[in-house]
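Visitor: how does the following fold in three dimensions:
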Amino acid sequence: MTDFLQILLVVFWYAVLILLPGGAVSVLMHYLLSLPMRRRDRALFFLDLLETVLQRGQPVEPAIISAAENHDRAIGAHFFLVAAYIEGGARLGEALGKVPGFLPPQVNAILRAGEKLGDLKKVLPACREILRVAPDTVRTTMHYMVAILMLFAPIACWIICVVSVLVIPKFKEVAAGTNAHLWPLTTFVFGHTFWMVAYEVVLFCVLVALMMIYIGGPGFVRWFQFRRIPVVDWIAWHVPWKQKMFLRTFSAMLAVLLDGGVPEAEAIRLAGDCTANEICRRRARRVTAALERGIKLDDAVGAFDDSGEFHWRLTNAVHARGGFLSALRGWHEALDARAFQQQEAATHAFTSGLVIVNGVLVGLIATAMFGILIVMVKAAGEL
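Guide: Got it, this is the predicted structure:
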């Protein structure tokens, strides 16, 4: 009976000390990693609702209020805020502007531009393009980095700190007592333990920042945006795949607006707003200024794209049949493909470099530790 109670006690403590914390960490990781996908699903639900209502020829605002009356928590609290503003007399675009956290900034801006155009149905495909899922390899890499952050990076920092504070000084004392001549590599590692710890701490902070950007989404990033100095937008514009996505969004919305009969200057301004990026808005203003000077549209857009590709693509689209959107569709697909390719290459390079550098760091520490042991054993054998 005593043995049975001891087994139960061991199982109990195993569950308390290992299974429960491990399960809690797993649930937390699942919740955090699924946040971006849940935001995307809610946005897609809203687009599906708009598309269904528009296909039936019904007004959008009453349909949103009716959907909110079902009190389905899966659609998120922001949806009910939008419905509340609409019920208070606001138009769809005005309500979306008052609840910026409901939809991604670009989707929000595109829908508001579609409302000004008078045809939301035309801009829904562009909204869906914004919400396209990244390749599986990219999402897997982001999940891998979050796992490293929550499990391995803190452990690595703790182990290196313990080794540098408790183990290395003792080894130095023993080596000094035996008059052993340390390897140059061992001396180098023991003399730079502070920088190794600093590297792990910096790496941990970088991973924390990446995790918060991935999980928090655009709403979190906007907290670091300054109106006069758009640091976040400047960084986003200079990320290669982000720049291609901005260019795709601007080009697609410009094509939709021009096909809808919007004047060129107004179409440029609205297309720039649809990118939800201040750098793109400034470049759009340059294009508008060029139009005011009498420059043709296909020449003026050269101020938006430094590569010049947009210029000759739009020049060909001007002479093509079937409208701007149809003529530029192939280029938009090429931009998507190149953006995903660059994003995938960057994530693979980052994770591979992370593994290699950490492996080198662990190898240096292990070699230094074994090196001092070898020197001490050799010195002891010569006595």
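Visitor: for the chain, which spans come out with low pLDDT?
Guide: 1-34, 74, 133-153, 175, 177-180, 218-221, 224-228, 379-383 (pLDDT under 70).
Visitor: thought residue 36 was touching residue 217?
Guide: Yes - the criterion here is CB atoms under 8 Å, and residue 36 meets it with residue 217 at 6.0 Å. For every residue, glycine as well, the C-beta is placed using N, CA and C.
Visitor: would you state the helices of the stretch 51-200 of the chain in chain order?
Guide: Assigned helices in the stretch 51-200 of the chain, in chain order: 60-68, 77-87, 92-98, 105-117, 120-130, 136-147, 153-162, 168-177, 184-191, 193-221 (criterion: DSSP state H, counting those that start in this stretch).
Visitor: so which of those is the most packed in?
Guide: helix 105-117 (a mean of 23; mean count of other CB atoms under 10 Å).
Visitor: and that helix, what does it pack onto?
Guide: helix 20-55, helix 92-98, helix 120-130, helix 240-259, helix 264-274 (3 or more CB pairs under 8 Å, 6 or more residues apart in numbering; DSSP states H and E).
Visitor: separation between residue 294 and residue 341?
Guide: 39 Å (CB to CB, to the nearest Å).
Visitor: who has more neighbours, the two?
Guide: residue 341 (14 against 7; other CB atoms under 10 Å).
Visitor: give me the neighbour count for the closest residue in space to residue 167 that isn't next to it in sequence.
Guide: The shortest distance from residue 167 to any non-neighbouring residue, by CB to CB, 6 or more residues apart in numbering, is to residue 369 (7.7 Å). Counted with other CB under 10 Å, the neighbours of residue 369 add up to 17.
Visitor: those helices in the stretch 251-383 of the chain, which residues are they?
Guide: For the stretch 251-383 of the chain, the helices defined by DSSP H, counting those that start in this stretch cover 264-274, 278-292, 297-300, 309-318, 324-382.
Visitor: and the angle for the longest one with helix 193-221?
Guide: With axes from the mean of the first three to the mean of the last three CA atoms, to 10 degrees as the criterion, the two stretches helix 324-382 and helix 193-221 enclose an angle of 160 degrees.
Visitor: other SSEs contacting helix 324-382?
Guide: Other helices and strands packing on helix 324-382, by 3+ CB pairs under 8 Å, 6+ apart, are helix 136-147, helix 168-177, helix 184-191, helix 193-221, helix 240-259, helix 309-318.
Visitor: and the fifth one, what's buried?
Guide: This means helix 240-259. Across helix 240-259, burial judged by 16 or more other CB atoms under 10 Å covers 241-259.
Visitor: ditto for the last one
Guide: By neighbour count, and taking 16+ other CB under 10 Å as the criterion, the buried residues in helix 309-318 are 310-311, 313-314, 317.
Visitor: can you tell me which of those is nearest residue 365?
Guide: Nearest to residue 365 out of the buried residues of helix 309-318 is residue 310 (CB to CB; 51.2 Å).
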